[in-house]
Every structure is written in structure tokens, then in C-alpha cells.
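1. Got a sequence here, can you model it:
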Amino acid sequence: MAERQLNHYGVFAFTEEYWELERAERREFLQRLVEEASSLGERVYTYTLFPARPEADFMLWSAVLAEQNEVASQFFLRYARVTASWREFVQPVNTLWGFTRPSQYAPGKSEQELSPFDDARRPYLIVYPFAKTSEWYLMSREARQGMMNEHIKVGRQYPEITQLLLYSTGLQDQEFVVVYETEDLPQFSDLVSALRSTEARRYTLRDTPIYTAMYQSSEEFVETWG
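-> Modelled structure (predicted):
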């Protein structure tokens, strides 16, 4: 991935005040939410989470190009300003975010690279934080590369599934945010099972919570929740 991107996943839940609104009022608020959300980034997508998870209703995926240092500050302050007016009816549950950068284990562009700037979205997005153990980082570069080669080989057996890896070490609690896009959830589960059978799995410290999200256009999103 040549350019540096900032990708942000905001997880939200509707409040009791929202559900006390009349249906027409809920739809009016949602229309405003999707219109204002479009200003959060260069690309913004709406996803429904419930009933895949019980504690949250929807997720916003926002992406900006971030070659200049000031872009991140501008993004976060704009995000805070825009979402502040939603708080009576929408509460944030979690945020996951990070920057893209070239992989040290698989240099060069991959055919399975997931980009927020692609024109079309697939039905499912899976997002989760990821952290490695200290033992992983204390191994030699060659030992880690060997295990990552096995990991990458398994991933390439599922060419229909695309991936975006975000780096967030020192910026959030985890070290990475891992994002997959797919049309086939059982196939994705097969991929994860295969990856968890590789040697690198021994050095996974944390990879939850897992958010399995369903993509919806703005119109579909309003229709679902209005």
C-alpha cells in the first residue's frame, strides 16, 4: 500500500431516548446522521452490527489519506464535533483505528489488499484488535519471518477474502487492527480456523472483540433502523 491511510471504525449503540421517538422522528434523525457522517472522512461506510453482537447496533468505517501529520488531528476533531450532536440518541461503544504502512513480512502490493477507496463494498466486514506476545518480538527477525510465511501461505489459499492491516502500536491498547471483507462468512471462518492452526498462533496475546458487520447503503441503513 503506497499511500498512508488513517482508517477508523466507530462502534455505536442507540440510546433509550432514541427508541422513545416516534418512527418519523427516528427516520429524520437517521437521515441527518448519515448526511453528517459523510463528512467524517474521504470515504465513510455504514454497517449494521446487531444482532451479530449484542452491545452495539452499528459501525461507521471512515478513511482518509494521511500523508501529512496534521490530517489525524483534523480527522479526530472533526469526528468529535460531528458526533457530539448525536449523543442524545447514539452512544459510542468502541473505537478501533490505525494507519496503513508497508508490511515488513510481505513487501509489495497484494492482490488481496482491501482498500476503502474501492468503488464497491462486499456484504461482510470483520474487524478486530490484535496484539502479539512479548516473546514474539524477542525472537529473531528470521524466526518471525518463517512463521509469517506460513501464515501468508494460508491466507493466499482464500483469494476471495481481502484484508486491511492497520498499525496502532502505542496509539491504542492493541498493536494492530485487522480488517477482512468477504461475501462468505462460513468461508471466512474456515480461513480463521486454518490461521489458528499455524505456529504464529502461539504468540497471539489478544484478538477480541470481533465485530462482524453487514454493509448497508445509507438508504438501507435508514430503512433498517428508522
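2. quick one, strands of the protein?
-> 5-14, 43-48, 58-65, 90-99, 124-132, 162-167, 176-182, 204-206, 211-216 (DSSP state E).
3. Now mean pLDDT, distance to Arg144 and mean neighbour count too, for those strands, in JSON lines please.
-> (Each C-beta comes from the backbone N, C-alpha and C, glycine too.) As requested, those are exported to JSON lines (pLDDT from 0 to 100; distance: least, CB to CB, whole Å; neighbours: other CB atoms under 10 Å):
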{"stretch": "strand 5-14", "mean pLDDT": "98", "distance to Arg144": "24", "mean neighbour count": "22"}
{"stretch": "strand 43-48", "mean pLDDT": "98", "distance to Arg144": "32", "mean neighbour count": "21"}
{"stretch": "strand 58-65", "mean pLDDT": "98", "distance to Arg144": "28", "mean neighbour count": "22"}
{"stretch": "strand 90-99", "mean pLDDT": "98", "distance to Arg144": "20", "mean neighbour count": "18"}
{"stretch": "strand 124-132", "mean pLDDT": "97", "distance to Arg144": "9", "mean neighbour count": "20"}
{"stretch": "strand 162-167", "mean pLDDT": "96", "distance to Arg144": "15", "mean neighbour count": "19"}
{"stretch": "strand 176-182", "mean pLDDT": "98", "distance to Arg144": "14", "mean neighbour count": "21"}
{"stretch": "strand 204-206", "mean pLDDT": "95", "distance to Arg144": "13", "mean neighbour count": "14"}
{"stretch": "strand 211-216", "mean pLDDT": "98", "distance to Arg144": "27", "mean neighbour count": "20"}
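4. Nearest to Gln112, out of those strands?
-> When the strands of the chain are compared by CB to CB, strand 162-167 sits nearest Gln112, at 5.0 Å.
5. other SSEs contacting that closest one?
-> With contacts taken as 3 or more CB pairs under 8 Å, 6 or more residues apart in numbering; DSSP states H and E, strand 162-167 sits against strand 90-99, strand 176-182.
6. Output those strands in JSON lines, with distance to Ile161 appended to each entry.
-> Formatted as JSON lines, the helices and strands packed on strand 162-167 follow (distance: least, CB to CB, whole Å):
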{"stretch": "strand 90-99", "distance to Ile161": "19"}
{"stretch": "strand 176-182", "distance to Ile161": "5"}
